[in-house]
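A.B. asks: Would you be able to build a 3D model of this:
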Amino acid sequence: MNRWWRRAAVLIGFVVVLVTSACSTATPVAERAGAAAAGCISDFDPAADYFPVKSRIEHATNFSLRYERSYQVLTVNQPYPGGAPESYVLLTCGAPAPQLPPDLAGAPMIETPVRSLYSESTTQLSLIVDLGTLDVLTGVGNPDFVSGAEVRTRIADGSVARFAENQQLNTEQVITADPDVLLSQGTDNPAFPTLRNAGIPVIGWAEYLDSGPLAKAEWIKAMAALTGQEERAAAVFGEIESRYREITATAAAAPAVPVVLGNLYQGTWSVPAGGSTTGTLVRDAGGTYSEAGNSAAGSVQRDFETVYATDGAAAVWLVTTQWTSMADVTAADPRYAELAAVKSGQVWNANKRLGPTGGNEFYERGVTHPDEVLADLIAILHPDLLPGHEFVYFQRLGS
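C.D. replies: Now for the predicted structure:
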C-alpha cells in the first residue's frame, strides 16, 4: 500500500490515526491534490520514455542515476560513513506503480517531481535555489544554520518549518507535516525507521563523502531528479564546471605558494590531505603545503609542534573559524603568534558571509559553488592574477 493512501505512523508516546483506502495496481500511484501539476503524466503510455533529458554523472562517485521509461533509480553508494548502498525509485507522477526487478523490491518509491521536501543539511539548500524550485522546501532541520537570503525569507514568512532541535529530529512533527521526502545530512538517525514505516521516504544525502570540489557540486543532478529539473541542472553545473576550469588555468603556471591549513581543536590540528576537497582547491589555486602529496581524501591529525615544523614558515594561513581579528587568533592559543603568516598578518578566514543567526554561507553555498571558493583562494595566493577580485567567502583578519 502506498504512502499517498495513508497517514500513519507508530510514534513514541502517541498514536497517529491510520487512514486507508482500497487501491489496485492499475491505479496511478498519486491521486493527491495537484496530481495534474506540471511534470505529471496525464495519459500514461507504457511505451513512452518520460525522460527526454537525462543527467550524466561525470565527477560524483557517491551517487548514480539509472533511467527507465517512467521512473529513475537514484542510488547513494554510502548514505552515511560505513553505510550500505541505498536505492530509491523516483516515479513520475501520474504513472502506475511499475513492476520492479528483484534488486529494487524493497526500495522506497518517491513520486516526482516532489512537492514538499524536508532538508537536514544546509548544503542542499543552494541546490534547490539554483534549480528555481524553492517552493518545494517546506522544512529545514535547524533554520539557525541557514544563511542564504532566499531560504531565510521563506523561514521568516512561515513557509519553512524547523523540525530538529539540538540535533534531535522531531518525529511527530515530521509525520504530521507528511513531506514527500526527507533528505538526511549524511548521518544515520534512529528516527529514520519510524519515518519510513510512516510512509515518509528518507534519502541518505551524503555529498560530503564524495571527494573533489566538482564531485560535490554535481549533486545538483540528484536534486534535479527529485524536482524534475534535469535540463536546468545541466546548465547550472556546466557553468560552475566551466568557470572552475577557466579559473584553475589562470594559476596553472604560477609558482606554488606555501600555506598553512586548519587550526587546533581540542589540542589536535587536522591537516587536510592532498586528495581531499580542500587539498584539491588549494592545489588548483596554486598553493602547496606539507600534505599536498598525500592522495588520501581525509585529513591527518597532528599537534602544534609538528605543524609548526612542517608548515610554520608558510606565508599564508587559511582557516575556517569564528575568529574576526588577529587578537582572536593569539587569544585562542599564544603559540599561533610564532607562525610566519600571523607575524605578517596573512591570516584569511572563510567567514565573510554570515547569516543573522550565525549560519556561514561558506558551508552552505560554498560547497556547491567551488568556482567561487577557488577564485577567492587564487586572489589570496596570487592577487595579481585576479585584479579587482571581490571576495565571496574569505576575508583577511584585521588587527
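
A.B. asks: per-residue pLDDT, residue 4?
C.D. replies: What the model reports for residue 4 is a pLDDT of 40.

A.B. asks: just residue 13 next, same as before
C.D. replies: In the prediction, the pLDDT value recorded for residue 13 is 39.

A.B. asks: and the nearest residue to residue 93 once chain neighbours are set aside, how many neighbours does it have?
C.D. replies: Spatial nearest neighbour of residue 93, chain neighbours left out: residue 40 (4.1 Å); criterion: CB to CB, 6 or more residues apart in numbering. C-beta: built from backbone N, CA, C; applies to glycine. Applying other CB atoms under 10 Å, we find 18 residues neighbouring residue 40.

A.B. asks: To which secondary structure element is residue 40 assigned?
C.D. replies: In the assignment (DSSP states H and E), residue 40 maps to no helix and no strand.

A.B. asks: and if you look at residue 45?
C.D. replies: Residue-wise, residue 45 maps onto no helix or strand under DSSP H and E.

A.B. asks: just residue 128 next, same as before
C.D. replies: Using DSSP H and E, the element containing residue 128 is helix 125-130.

A.B. asks: what sits against the spatially most central residue of the chain?
C.D. replies: For the chain, the residue nearest the mean C-alpha position is residue 123 (3.3 Å; CA atoms, centre = their mean). By CB atoms under 8 Å, 6 or more residues apart in numbering, residue 123 lies in contact with 207-208, 216, 363-364, 367-368.

A.B. asks: What about these, which are in helices?
C.D. replies: Counted as lying in helices by DSSP state H, out of these, are 216, 367-368.

A.B. asks: which one of these is nearest residue 181?
C.D. replies: Nearest to residue 181 among the ones in helices among the contacts of residue 123 is residue 368, at 18.7 Å by CB to CB.

A.B. asks: The closest one - how many residues pack around it?
C.D. replies: When neighbours are defined as other CB under 10 Å, residue 368 has 25 of them.

A.B. asks: what's the distance between it and residue 242?
C.D. replies: Applying CB to CB, to the nearest Å, the value for residue 368 to residue 242 is 15 Å.

A.B. asks: For the helix or strand harbouring residue 300, which outside residues touch it?
C.D. replies: Assigned by DSSP H and E, residue 300 belongs to strand 299-302. For strand 299-302, contacts defined as CB under 8 Å, 6+ apart pick out 262, 268-273, 276, 291, 294.

A.B. asks: Now do the contacts for the closest residue to residue 68 other than its chain neighbours.
C.D. replies: In space, and not counting its chain neighbours, residue 68 is closest to residue 98: 7.1 Å by CB to CB, 6+ apart. Going by CB under 8 Å, 6+ apart, residue 98 touches 68, 70-71, 89, 91.

A.B. asks: mind checking the SS state of residue 98?
C.D. replies: Three-state assignment for residue 98 (DSSP: H, G, I helix; E, B strand; the rest coil): coil.

A.B. asks: Surely residue 126 touches residue 365?
C.D. replies: Yes - Residue 126 sits in contact with residue 365 when judged by CB atoms under 8 Å, with a separation of 4.3 Å.

A.B. asks: which residues do the two both contact?
C.D. replies: residue 148.

A.B. asks: Closest one of the contacts of residue 123 to residue 132?
C.D. replies: The shortest approach to residue 132 among those belongs to residue 368, at 14.8 Å (CB to CB).

A.B. asks: Measure how far the host helix or strand of residue 155 is from the centre of its chain, please.
C.D. replies: Assessed by DSSP H and E, residue 155 sits inside helix 149-156. Here helix 149-156 is found 18 Å from its chain centre; the criterion is CA atoms, centre = their mean, to the nearest Å.

A.B. asks: Which residues does it contact?
C.D. replies: If you take CB under 8 Å, 6+ apart as the criterion, helix 149-156 is touched by 125, 128-129, 134, 137, 140, 143, 146, 160, 355-356.

A.B. asks: how about those residues, which pair is most distant?
C.D. replies: With CB to CB as the measure, no two of these lie farther apart than 128 and 356, at 20.0 Å.

A.B. asks: What are the boundaries of the strands in the stretch 101-250 of the chain?
C.D. replies: Ranges of strands within the stretch 101-250 of the chain are 109-112, 117-119, 137-140, 161-162, 164-165, 168-169, 181-183, 202-203, based on DSSP state E, counting those that start in this stretch.

A.B. asks: Of all those, which one comes closest to residue 399?
C.D. replies: With distances scored as CB to CB, the stretch of these nearest to residue 399 is strand 137-140 (37.1 Å).

A.B. asks: got the contact list for the closest one?
C.D. replies: So strand 137-140 is in contact with 116-119, 122, 125, 128, 146, 151, 154-155, 159-163, 174, 177, 179, 182, going by CB under 8 Å, 6+ apart.

A.B. asks: hang on, the earlier thing: can you say which of the contacts of strand 299-302 are buried?
C.D. replies: For the contacts of strand 299-302, a burial check counting by 16 or more other CB atoms under 10 Å picks out 262, 269, 271-273, 276, 291, 294.

A.B. asks: Show me the residues you listed that map onto strands.
C.D. replies: 269, 271-272 (DSSP state E).
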